[in-house]
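Undergrad: my questions concern the predicted model and sequence given below.
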Amino acid sequence: MDKFLTDGEVDHLLELIKQSKHRFGGSKTDQDDGIGLHDTNYRTSKTMHVKKGLDTTIRRIEARAAELVGMQTHNVEGLQVVSYTDGQKFETHHDIGPIDDACEHVVNVVPPRRIITLFVYLNDTPPGVGTTNFPLVKPDGPEGECLKVQPVRGRALMFCNVKVEDPSEPDDRVIHCATAVPSGMKKLGVNIWITDSNLAPCAL
């Protein structure tokens, strides 16, 4: 969805990033026990968490995401800003929990269960750089290329992490990866996860 965020909202997030550089840390990956783990080979991006309901702009973004999928704002997790540069990447993974070594199946669901992912790009990148790839989704058939989404400022990529026919089961088709960003370039984005939990206390 292009222009999911307005230019003003993107600028607001970029200003938060500028003011909070010291809050960026190494991104973590999910483990079976639900505890985040730094993995300097698997996920090399930097991450900054935005407090849920931080200000009117953040609350507006959270509300828009929830309304889009017919859920409540309290189901929206605090936004997670990610930064990729100088070869940083995020290898093949699933947003609902760890996957098997063959990168084909989710092996465990980690709470809070992230029903829906909205990943919003905060800047443009050159064609083919920093794309979000879905290796199991091949629009042109099994021998074709996988689905690749190009970063465009304000563009939101939305996908459901559970099966429509059985929401208790992860949808393995949305296993994805963030490709490496070359030296001298940068990719900024924000994860908006919509969960099955009431996360309102996180805003207090």
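TA: Sure thing, it's come through. In this text the structure is predicted, and so the values were computed from the model without any measurement. Residues are numbered from 1 along each chain as shown.
Undergrad: after the helix or strand bottoming out on mean pLDDT in the chain, next one along is what?
TA: Taking mean pLDDT, DSSP states H and E as the measure, strand 37-38 is the helix or strand of the chain with the lowest mean score, a mean of 48. Along the chain past strand 37-38, the next helix or strand (assigned with DSSP states H and E) turns out to be strand 46-49.
Undergrad: other SSEs contacting that following strand?
TA: With contacts taken as 3 or more CB pairs under 8 Å, 6 or more residues apart in numbering; DSSP states H and E, strand 46-49 sits against strand 25-26, strand 80-85. Just so you know, the C-beta spots here come from the backbone N, C-alpha and C atoms, and that holds for glycine as well.
Undergrad: try 6 Å this time
TA: strand 80-85 (3 or more CB pairs under 6 Å, 6 or more residues apart in numbering; DSSP states H and E).
Undergrad: direction included, what does the strand it packs on pair up with?
TA: strand 46-49 (antiparallel), strand 186-195 (antiparallel) (DSSP bridges).
Undergrad: of those, which approaches H105 most closely?
TA: H105 sits nearest to strand 186-195 of all the strands paired with strand 80-85, at 20.5 Å, using CB to CB.
Undergrad: average model confidence for that closest one?
TA: Mean per-residue pLDDT for strand 186-195: 98.
Undergrad: still on that earlier bit, point out the most buried one among the strands paired with strand 80-85.
TA: strand 186-195 (a mean of 22; mean count of other CB atoms under 10 Å).
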